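[1] Here is a sequence with its predicted model. Questions after.
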Amino acid sequence: MPRTLDGQITIEKTPSYFVTLEAPGRIHSMSPDTKLIVVVRNPVTRAISDYAQTLSKTPGLPSFRALAFRHGLGPVDTAWSAVRIGLYAQHLDNWLRYFPLSHFLFVSGERLVSDPAGEVGRVQDFLGLKRVVTDKHFYFNATKGFPCLKKAQGSSRPRCLGKSKGRPHPRVPEAVVQRLRDFYQPFNRKFYQMIGQDFGWD
Ligand SMILES: Nc1ncnc2c1ncn2[C@@H]1O[C@H](COP(=O)(O)OS(=O)(=O)O)[C@@H](OP(=O)(O)O)[C@H]1O
């Protein structure tokens, strides 16, 4: 981590930390005061998004169904990372051995799209910052199908996130989606209970 002066906040973003067993202990030994921001979305959509990303780099990848269920039809394959990462309650359990819940902010991936200023507002409050970024900074870009910044930092031009963010998802049969929804439901409920926040995924 770079040196941080008084009055500065250093932010580091690595999605895989949340699901890495050794990460909480290491981060705690670096600084037990660290604030932790976790962006979560419906684990079923997250798994399909994860698959879409792998598929874009690996043409000929087996179907989502073939990877999500053992032998294509059997139990849900929790060894597949796209499935395992969505077990938020389990990952959080590991973090709560080192950090109290008050150190966490859970950001809704869905609201980050439907109301980016609202979610970014919560982030600013959590970090003790003035609400500098507001509604005024975003517009909905119909071509991208997502909110974008009216002006990028240091430029007068609008800026959307890159091609790898918000790519189309492959079609997954409804029966497959439903099986995964059922699978995640108890884990989601446990997660809501642990953090006192209901994301309404079920
Ligand atoms: N404003 C805006 N523009 C584009 N995309 C947006 C935006 N806000 C949130 N998202 C969602 O971000 C998802 C990609 O982020 P990831 O967390 O997968 O990225 S990464 O893990 O850091 O690579 C990406 O997921 P997919 O839609 O599945 O590609 C988006 O849904």
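    Great, that's in hand.
[2] what about the closest residue to the ligand within the chain, neighbour count?
    The ligand sits closest to Ser49 of the chain, with a gap of 3.0 Å, by CB to the nearest ligand atom. Where you see a C-beta, it was placed from the backbone N, CA and C, and this is true even at glycine. Counted with other CB atoms under 10 Å, the neighbours of Ser49 add up to 17.
[3] now do Ala117
    Counted by other CB under 10 Å, the residues lying close to Ala117 total 14.
[4] Check whether it really touches Tyr139, as I assumed.
    No. Applying CB atoms under 8 Å, one finds Ala117 not in contact with Tyr139, separated by 10.8 Å.
[5] In a helix, Phe18, correct?
    Yes. Phe18 forms part of a helix when assessed by DSSP: H, G, I helix; E, B strand; the rest coil.
[6] While we're on it, how confident is the model there?
    At Phe18, the pLDDT value in this model is 98.
[7] Up against the ligand, what does the chain have?
    Residues of the chain lying near the ligand by CB under 6 Å from any ligand atom: Pro15, Ser49, Leu112, Val113, Phe146, Pro147, Leu161, Lys165, Gly166, Arg167.
[8] tell me which element the third one is part of?
    Right, the one you point to is Leu112. Leu112 is part of helix 109-114, with elements assigned from DSSP states H and E.
[9] Have a look at this structure and report its longest helix.
    helix 174-195 (DSSP state H).
[10] tell me the mean pLDDT for it?
    98.
[11] same thing with stretch 156-169?
    94.
[12] now do the same end-to-end measure for that stretch.
    32 Å (CA to CA, to the nearest Å).
[13] Just checking the distance from it to the centre of its chain.
    Relative to the mean C-alpha coordinate of its chain, stretch 156-169 is positioned 16 Å out (CA atoms, centre = their mean, to the nearest Å).
[14] Give me the buried positions along that stretch.
    Neighbour-count burial for stretch 156-169, counted by 16 or more other CB atoms under 10 Å, picks out Cys160, Gly166.
[15] Run through who's touching that stretch.
    Stretch 156-169 has contacts (CB atoms under 8 Å, 6 or more residues apart in numbering) with 45, 48-49, 52-53, 56, 139, 141, 144-146, 148-152.
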